[in-house]
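Visitor: This is a predicted model, with the sequence first.
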Amino acid sequence: MTTRRAVAGGDGRVDECVRARSGGCSFGQDGTQDAVVAGGKNKMKCMVVVTPPPPRELKRELKHLKRHLADPDVSRRKMKELLLRLIYTEMLGHDASFGHIHAVKMTHDKSLPLKRTGYLAVALFLDERHDLIILILMVNTIQKDLRSDNYLIVCAALTAACRLIGGEAIPAVLPQVVELLAHPKEAVRKKAVMALHRSYQRSPSCVSHLVSNFRKRLCDKDPGVMGATLCPLYDLILEEPNAYKDLVVSFVNILKQVAERRLPTSYDYHQIPAPFIQDDELFVVAHQPVAILCGDADDDGSEVIPIKSNTT
């Protein structure tokens, strides 16, 4: 059951409330869901109070889904709807494992919307500890989709790889992930960095010879890729700070670019320039040895002093 309350904008007019999509809403501590609906000069705030259905209805819904998923004549469009409803039931804490194989099958669909829905469901349903047979099917599918000419399919496969590829399966997809670090689309490069980072977290020995790729992506022309690279570099610096002391100048130069608002305004948040990149940068720099930051260690650290003075 969903109750919606509309709040008028500054001019006192209340337009008809449109259905709020979860991706553009925020949930408050009181269980409400807020969405701002803008139309021309009018702005309206919709408060959506989401109440889970009672257990009896959920059990009936699970029986309905199980019956329709087993129907061999169900249409592909209907299957997509059923999987989305299955995701909702699992989000409420109910077991929907009977439908997991249907999500895996949908990742093989030739239709892009259906394939992406399948990958979404698989990433939510499964992890690297799941049934071996299903994971083998997913690894084969991910390998094939990483070679796709459609970058949206590649992005979906990389997202699933971050979730599903465990220690033993990492060598099977690692060469393709490394190749995608040089992909012409920045969204693919960013997700490839994330997939390589996740592989390093799960099996450092398999990825230790590839960490130099993180250094290269730190100089990527896209700020999103550069920002994603800060996370794996942070983990690496925690383990061996002195091995990355030569990157301090690069880190401070990035902070300088952010402070001077040289990044696209799309990275601003409430008029603050790229605050999340700033946070990651400061965390990384904070774990460098003090001698390097002060310029007392060697010539590499001494270059930081004039750069820092310009950012404060």
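Guide: Alright, I've got the coordinates.
Visitor: which residues touch the residue nearest to Leu181 when sequence neighbours are not counted?
Guide: With CB to CB, 6 or more residues apart in numbering as the criterion, Leu181 has its nearest non-adjacent residue at 4.9 Å, and that residue is Ala192. For every residue, glycine as well, the C-beta is placed using N, CA and C. With CB atoms under 8 Å, 6 or more residues apart in numbering as the criterion, the residues that contact Ala192 are Leu158, Val177, Val178, Leu180, Leu181, His183.
Visitor: Check Ala192 and give its pLDDT.
Guide: Per-residue confidence for Ala192 comes out at a pLDDT of 95.
Visitor: Can you pull the domain assignment for this structure?
Guide: Residue ranges for the structural domains of the chain, counted by automatic domain parsing, are given in the record as 2-50, 241-312.
Visitor: neighbours of the nearest residue to Gly167 once chain neighbours are set aside, just the number please.
Guide: Of all residues not flanking Gly167 in the chain, Ser203 sits nearest, at 4.4 Å (CB to CB, 6+ apart). Each residue near Ser203 was counted by other CB atoms under 10 Å, and the total is 18.
Visitor: hmm, back to that, spatially, which two of the contacts of Ala192 are the most separated?
Guide: The span of the contacts of Ala192, defined through CB to CB, is set by Leu158 and Val178 at 12.0 Å.
Visitor: who's more crowded, those two?
Guide: Here Leu158 and Val178 are set side by side on neighbour count (other CB under 10 Å), and the busier one is Leu158, at 29 against 16.
Visitor: That one contacts Val177, doesn't it?
Guide: Yes. Between Leu158 and Val177 a contact is recorded at 7.2 Å, counting by CB atoms under 8 Å.
Visitor: Are there residues contacting both of these two? Which ones?
Guide: Common contacts of Leu158 and Val177 (CB under 8 Å, 6+ apart): Leu146, Ala192, Ala195.
Visitor: would you turn the residues you listed into TSV with distance to Val74?
Guide: Rendered in TSV, the data for the shared contacts of Leu158 and Val177 read as follows (distance: CB to CB, whole Å):
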residue	distance to Val74
Leu146	29
Ala192	35
Ala195	33
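Visitor: between the residues you listed, which is nearest Cys162?
Guide: Distance ranking of the shared contacts of Leu158 and Val177 against Cys162, using CB to CB, places Ala195 first at 5.3 Å.
Visitor: I'd say the closest one and Ala161 touch.
Guide: Yes. Applying CB under 8 Å, one finds Ala195 in contact with Ala161, separated by 5.0 Å.
Visitor: joint contacts of the two?
Guide: Both Ala195 and Ala161 are in contact with Val173, Val177, where contact means CB under 8 Å, 6+ apart.
Visitor: picking up where we left off before, rank the domains of the chain by pLDDT, which is bottom?
Guide: Out of the domains of the chain, the stretch the model trusts least by mean pLDDT is domain 2-50, with a mean of 43.
Visitor: quick one on the thing from earlier: so what does the residue nearest to Leu181 have for phi and psi?
Guide: Main-chain dihedrals, Ala192, degrees, to the nearest 10: phi -70, psi -40.
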